[in-house]
Structures are given as structure tokens and as C-alpha cells.
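Enquirer: From the sequence below, what's the structure:
(chains A and B)
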Amino acid sequence: MGNLILTKSHKAGSPYFAEKLGINIYTGEELSYFIYNYYMLLDDDFLEDRLFNFIERELEMSDLSAKLRKWRGRVSYEELLLVILQDIHYYGSKELTDFYARLESMSREGTEYVIKEKADYLVNMGHSYEGLRLYDRLQAGKSEKNMPAHFAAAIHYNKAVALARIYANRGAMREFSRAYALEKDEKSLKSMVFLTCLEPGLALPEDIEDDVTEEQRAAWQLEYEDIKNRALFQGKALEADSAMELDDIKRPQRMEQLLEAWKAEYVRCQG
Amino acid sequence: MGGLVLGIDLNDDYSQISCYNEQISDAEAVAINDDEVFVRVPTVICKKKNCSEWLVGEEAYRVALFGDGTLVDRLIKQQNKRGQATIEGITYTADTLLSLYIAKLIEHSLKKYDSDCIDNLVFTLDEPNASINDVIVRAAEDCGVARENVHILTHTEAFVYYVLSQESDIWSNQTCLFDLREDGLFYYEMKIIRGRRPQVVEAWHEKLQESFSLDILGNESGERLGDTILAACAERLLAKKIVSSVFLTGKGFARTDWAPAFLKLICNKRRAFQVPQIFAHGAVYAALDNTREKSAYPFLISCEGRIRSTVSLYAVYGGRREQVILAQAGVNWYEARSSVEFILDDVRQLELNVTPVGGVRMEKITISLDDLPARPNKTTVIELILSFTADNTMTVRIVDKGFGELFPASGKVIKMDYKIP
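Expert: Down below sits the predicted model:
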């Protein structure tokens, strides 16, 4: 059986701006949700004075902010996050246990795994540049030979996806081919064929050309066309399409709103 | 305390004003003319011919009688009927006329006490409703009285406040009131139900079918008939009851020498009081209580005009499941509005508990939330607004507030009306 949660925290007059999401946070519950669901987006400087001042002055939770200031540097980053979640009471004990277990398992997995997971998460959230920086850090920090092949291939593959998202298709092709060299996975081949469809001037690397059969190429090209067609009816295309259906007065207003929102999203994702 | 503490009894026939006098530590009747004669102010308003001056009460009658103005009466009934009056080619709604009348009463009171503000103002009416209450509150606000300092009671509530403000032996058992007015004979009764915390005061009233026109009191045989009718009523109503005291009010009891049999009956082993301003005085006592930090009436008053059930639900607060009271039994329905925000945690319906005063079984009201937008768990904030349109009619509004900028509000509102015990 579910529960109603009586909102207790004060609504901020001056909200906390979460840059990574491009949104303002007004209540303790929203802050808890942000930490719980987007902890991978949190930078090392998240637990700093800007947040503590927000908790103290805007959420009027001076006890919590005092606790955080006192314990900063003495307890782990994860434990401080947990203290915030506990004091706001938005999540129950079971959810907090799960959250802490997730944080702990990440730290058990080793630094490379944590960095990769964070990079993957950033790319999924649209922060491709930040993700790329982390992939570069991973590749520069440790020799590929010392990593498991599957892990190294995954880094190349995900880096290729991030590059493709910022239209750096040549770099993406290079990374896909490196991933394929480390792990002969059909997924990488298919992505490379997709890239050639996306940018017709781009060819498959010579050493890979023979690995793609004519049947595979034909099937993947068809699949690409299908995805491209479906993209016209979802996401931003759909938003733009619905704006076009508005009357002459509302259409330009809505278009302007959409453009503003997309520009803000683009700027946010530049990292 | 700098301003006035006022009680105004608004009736269709006449109105009465009482004011708390700090020097005598009691309520006193306020006359609106200089010669202190008219404590009953006829509920009429008159616009003087060819000028913008409005007059009320006896003065309005006088001007209209001499043909120097246009008079409108029955202001309460007119407001209930959404009536209007056209004077010198201009149409005035009943709301406007009633507002002007109220403004005049307030203006006279401030002038009489040489004051410029009102600390608390309580109106009392026979049958308040949302529409007339809104007009009264707005009129008072227009006169500079803050919204939170204006309250409206039923006559039954005002009667209870008056009685509870007297020495306790007066209300140790049942207490009754006969109100004989132009528009009928009304009977009120109240009793204390002991053994509960807080003690419960139960009160009710009815319009008696045996009422008669006050015109019959103009001759001896009519007086005898009136006395017989009243005595029969009293015998029936007071039989087999332990009644400590009986109050008499209304224009019909301005004098009581015409009703010896009735008086003999009500005074038999009981105390009887003639209180012309009982409702206005009761309103003043309520107004005075509103100015206190802690009420001097530690009772749960269950009567017309007050909610007879507590409405609550369960919610988690600070990690613990607790009962959240949305409307408390004993609160005036017009002032029982509440608004609380909740986050839905795997909740598809709301369950309100309605618990009547007196331990009758609790009722449950279930409200489906299926019409709200689908979102991840715990990312929908709802504002639950509870208000009343009568003491037994509750309106529940559920407003989707979204979850900040993460999940913007849809503006969706679920609205339901319920009858409650």
C-alpha cells in the first residue's frame, strides 16, 4: 500500500540551479530526487557552500547545513549525500539502503569502472563533451593492455557514440573500429555501417570492409532508413511538427520557445 | 487593544449592533442615532433624492415617508434572491445595497465610539450561506476591517456564545431561547455533554409552526391568544427536560406583560431572562474571544453552522505515519478551508476519514487519482484543498502541482462535492 508524504520542506525563494539538468530546485524533496537519481551527474564540488547555503537559507534546514559543514572532509562524499537524504525524509529506509549499496558497489568496482559509468551516464544525459573528457582520461591514465579487452572495447564503443552525437563522425568511425579490433562484435560493425549511411562521404575502414557481408549491409541500411523515418515522428521533430499546427499568432511564439529550450539544452551539454 | 470589538445581528426585519465596552467589561447595545433610542435598526436603506446620500434604519423610513428618498427593505431576502432595485434610473444589485447598509452600520459604530478601526467584527445571521457571507466579508473589508478579523456566525452559534459567557449555573443543564419576531417564533436549545474532552456543547433551533403575527398583540384578546399559544409551546418543548434557564428575545418580547401564563410556565423552577440583544451580544463575545491568544471557551460546539465531523487522512511526516486533520469538528464551516500539499508515493486514490462528533462510526471517502498525469513514483505533488459550502457539504479539490521543474505541473484539477454527517 502506498503513502502520502506530507511536504515539509520550505519552498525556496531563490532556487538552487542544477547546471547539469538546467533546472532550478526549489524544495528539499526535489533536491533529494536530484541526488538520488542523478548522483552520477554530481561533480566533486557539489557538496560546497553554494549547496549548504541553499539548504540553510532557502530550505530553512540550518541543522542539516551545520552538520554538512562540520562533517565535510571528515566523512566520505557518499555518506554526506546520505545525510542529506536522511534528513529530508523524502526517501524511506529501504530506498536509502539501496542508494548506499549502489554507491558502495561503485567504489568497490575500482576507479576505472566508476569513471566509465559516470562517462556513460553523462553521454546518455546528453552531456557528450563531458563524457568524452572522462573517456580520454581513462584512455590516458592506464595502458589498454592492462585493461580487460571487453572493458577497453566498451570504452572505445561508448566514446564513438559520444563523438557521433556531436557529429564528429570520422572520430566515431575510428573509435568503433578500435572497439571492433578488440572485440569482434556485430554491434560495432552495424554502428559503422550506420555512420556511412549518415555521412555518405565516409567509408568503412579497409581492414573491416570484408567483415560485412552484402546481406548484412543491405539489412542494416534498411534498418537505418526505418529509424530515420521514425525519428520524424518523435522527440524534437514531433515538438516542431505540433508547433507548426498552431495558428499564425501562436506558431512563432511556440517556435521561439522551442528554439530557446533547444539552445539552452545545447549550451548545457557543451560542458 | 485599540480598535472596536463589534457584533452585528443582521435580520431581514431589523439589525442590532453590540460593542464590547472595556470599562464595564461587557457588551453594550449600540444605538445608531444621537438620542440613544433606536438599538433596533430596521434593515432598510434609502437613497435621498437627487443626491448621493444613503440613509439606514429609522432615518431611512422618515426620509422615505416624507417623499424625499427611495427606500429598499428586506435586504437579506433580496440578496438571497439575487434581487436588484432601480433608483433614479440606476440599477443597484442587492449585494451593493446590503454592502452599503453594512458600511453605514460600521460607520455609525466607529463614529459613536470615536474610533478609527475595528479589531474584530462578528456578524450573526439566521441562515448564513456562502453568497451572503462573501458579500458581508467584502463589505467589511471595504470599510477597512482586515479579512481575518471578520467572522460570521449563525444565530445558534451566537446564542451558545452568549449563554457560555454567563455564570455557569445558568447553563449547568439545558438552556432554551424563545425568539418571537415578525417572521415567526423560533426555539433554540443547548446542552453540555459532559465526560468528554473537550466538553461538547450541542445546540439546535427550529422555527415553530405555532408562530403568529405580532399584530395580534395590539389588542387584549390577541394578547390572550398569543399567551395561550406560547404557553402550549413551552409546555410541549420543556416537558421532561431539566432546563436551567430560559431566554426571551425578539421584537415580540419587547414587553412580556401580555404573556402571564407563558411566563409562569417558564419561570417554574427555572431562571428566565429577557435579552433583546442576545445574538448581537453573543457575536461580541465571540469577537472578543477571537482577539485572545487562547480561547476562553474550551468547548467543541456542535450546532448549525459548524462542521459536525472531523475530516482527516493519514500521511507520512518526518518518516512517521501520522493523522493529518483537514477540518476539525466544531469549526464554523465558512472558515474551515484548509490546503495541504502531499507527494504521492505509490498512491492511486485518496482515502479521507470522516469522524462525526459523538463516536458514531467513521466513514471513509475514496477519491480516485487516475485522472492525474502518469509520472515516476514520488514525482507528483498534489495540493488538497478542502472547503465547505454548508456545514454538511464539503468540496474537495485536488490540484496537480507537478514536481518542481523536474516534472512541471499539468494544472489538472479533480473536484468533488460530498455530503458529510
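Enquirer: give the contact list for the closest residue to chain B within the stretch 1-150 of chain A.
Expert: Distances between the stretch 1-150 of chain A and chain B by C-beta to the nearest C-beta are smallest at residue A:2, namely 3.2 Å. For every residue, glycine as well, the C-beta is placed using N, CA and C. Counting by C-beta atoms under 8 Å, 6 or more residues apart in numbering or on different chains, residue A:2 touches B:344-348.
Enquirer: Among these, name the ones in strands.
Expert: Applying DSSP state E to these, the entries found in strands are B:344-345.
Enquirer: Of the contacts of residue A:2, grab the buried ones for PyMOL.
Expert: Command for PyMOL that selects the buried part of these, burial taken from 16 or more other C-beta atoms under 10 Å in any protein chain shown:
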select buried, chain B and resi 344+345+347
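Enquirer: Make a markdown table out of the contacts of residue A:2 and add pLDDT and distance to chain A.
Expert: Below are the contacts of residue A:2 laid out as a markdown table (pLDDT from 0 to 100; distance: C-beta to the nearest C-beta, whole Å):
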| residue | pLDDT | distance to chain A |
| --- | --- | --- |
| B:344 | 96 | 7 |
| B:345 | 94 | 5 |
| B:346 | 92 | 3 |
| B:347 | 94 | 4 |
| B:348 | 92 | 7 |
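Enquirer: what residues go with each domain of the chain?
Expert: The chain I'm using is chain A. A:16-108, A:116-204, A:236-269 (automatic domain parsing).
Enquirer: The intended chain is chain B.
Expert: Taken from automatic domain parsing, chain B resolves into B:4-153, B:158-279, B:309-419.
Enquirer: which one of those lies closest to residue A:207?
Expert: domain B:309-419 (45.6 Å; C-beta to C-beta).
Enquirer: Next one: residue A:196 from residue B:269, what distance?
Expert: Using C-beta to C-beta, to the nearest Å, residue A:196 is found at 109 Å from residue B:269.
Enquirer: Among those two, which residue is more densely surrounded?
Expert: Set residue A:196 next to residue B:269 and count neighbours by other C-beta atoms under 10 Å in any protein chain shown: residue A:196 wins out with 19 against 7.
Enquirer: The nearest residue to that one once chain neighbours are set aside: how many residues sit nearby?
Expert: Among residues not flanking residue A:196 along the chain, residue A:202 sits closest, at 5.4 Å (C-beta to C-beta, 6 or more residues apart in numbering or on different chains). Residue A:202 has 14 neighbours, counted by other C-beta under 10 Å.
Enquirer: ok, now which ones touch residue A:202?
Expert: Contacts of residue A:202 by C-beta under 8 Å, 6+ apart are A:169-170, A:173, A:195-196.
Enquirer: on that earlier part again, hmm, which two among the contacts of residue A:2 are most spread apart?
Expert: Pairwise over these, using C-beta to C-beta, the maximum falls at B:345 and B:348, 11.0 Å.
Enquirer: and the domains of chain A, which one is worst for confidence?
Expert: Across the domains of chain A, domain A:236-269 has the smallest mean pLDDT, namely a mean of 84.
Enquirer: ranges for the helices of the stretch 101-250 of chain A?
Expert: Counting by DSSP state H, counting those that start in this stretch, the segments of the stretch 101-250 of chain A that form helices are A:111-124, A:128-141, A:149-165, A:169-182, A:186-198, A:206-209, A:214-231, A:235-244, A:250-269.
Enquirer: Need the residues that contact the last one.
Expert: Put plainly, it is helix A:250-269. By C-beta under 8 Å, 6+ apart, helix A:250-269 touches A:19-22, A:126-129, A:236, A:239-240, A:243-244, A:246.
Enquirer: cutoff 7 Å now
Expert: A:19, A:22, A:126-129, A:236, A:239-240, A:243-244, A:246 (C-beta atoms under 7 Å, 6 or more residues apart in numbering or on different chains).
Enquirer: just the first one next, same as before
Expert: Helix A:111-124 is contacted from outside by A:40-41, A:106-107, A:130-131, A:134-135, A:137-138, A:142, A:155, A:158, A:161-162, using C-beta under 7 Å, 6+ apart.
Enquirer: Secondary structure element holding the residue most central in space within chain B?
Expert: Nearest to the geometric centre of chain B sits residue B:153, at 1.6 Å (C-alpha atoms, centre = their mean). Following DSSP states H and E, one finds residue B:153 within strand B:150-154.
Enquirer: pLDDT on that strand, on average?
Expert: Rounded mean pLDDT across strand B:150-154 is 97.
Enquirer: What pairs with that strand, parallel or antiparallel?
Expert: strand B:118-125 (parallel) (DSSP bridges).
Enquirer: Measure how far the strand it pairs with is from the centre of its chain, please.
Expert: 10 Å (C-alpha atoms, centre = their mean, to the nearest Å).
Enquirer: name the helices or strands packed onto the following helix or strand past it?
Expert: Counting by DSSP H and E, the next helix or strand C-terminal to strand B:118-125 is helix B:130-142. The contact analysis (3 or more C-beta pairs under 7 Å, 6 or more residues apart in numbering or on different chains; DSSP states H and E) places helix B:130-142 against helix B:75-80, helix B:94-112, strand B:118-125, strand B:150-154.
Enquirer: Verify the stated contact: residue B:400 with residue B:410.
Expert: Yes - using C-beta atoms under 7 Å, residue B:400 is in contact with residue B:410, at 4.8 Å.
Enquirer: and those two? which has more neighbours close in?
Expert: residue B:400 (23 against 15).
Enquirer: ok, now which ones touch the more buried one?
Expert: Contacts of residue B:400 by C-beta under 7 Å, 6+ apart are B:372-373, B:380, B:382, B:409-412.
Enquirer: Could you dump those into TSV with secondary structure and pLDDT added?
Expert: What follows is these, written out as TSV (DSSP: H, G, I helix; E, B strand; the rest coil; pLDDT from 0 to 100):
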residue	secondary structure	pLDDT
B:372	coil	93
B:373	coil	91
B:380	coil	95
B:382	strand	96
B:409	coil	90
B:410	coil	88
B:411	coil	84
B:412	coil	92
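Enquirer: tell me which of those residues is nearest to residue B:49?
Expert: Of the contacts of residue B:400, the one sitting nearest to residue B:49 (C-beta to C-beta) turns out to be residue B:411, at 52.1 Å.
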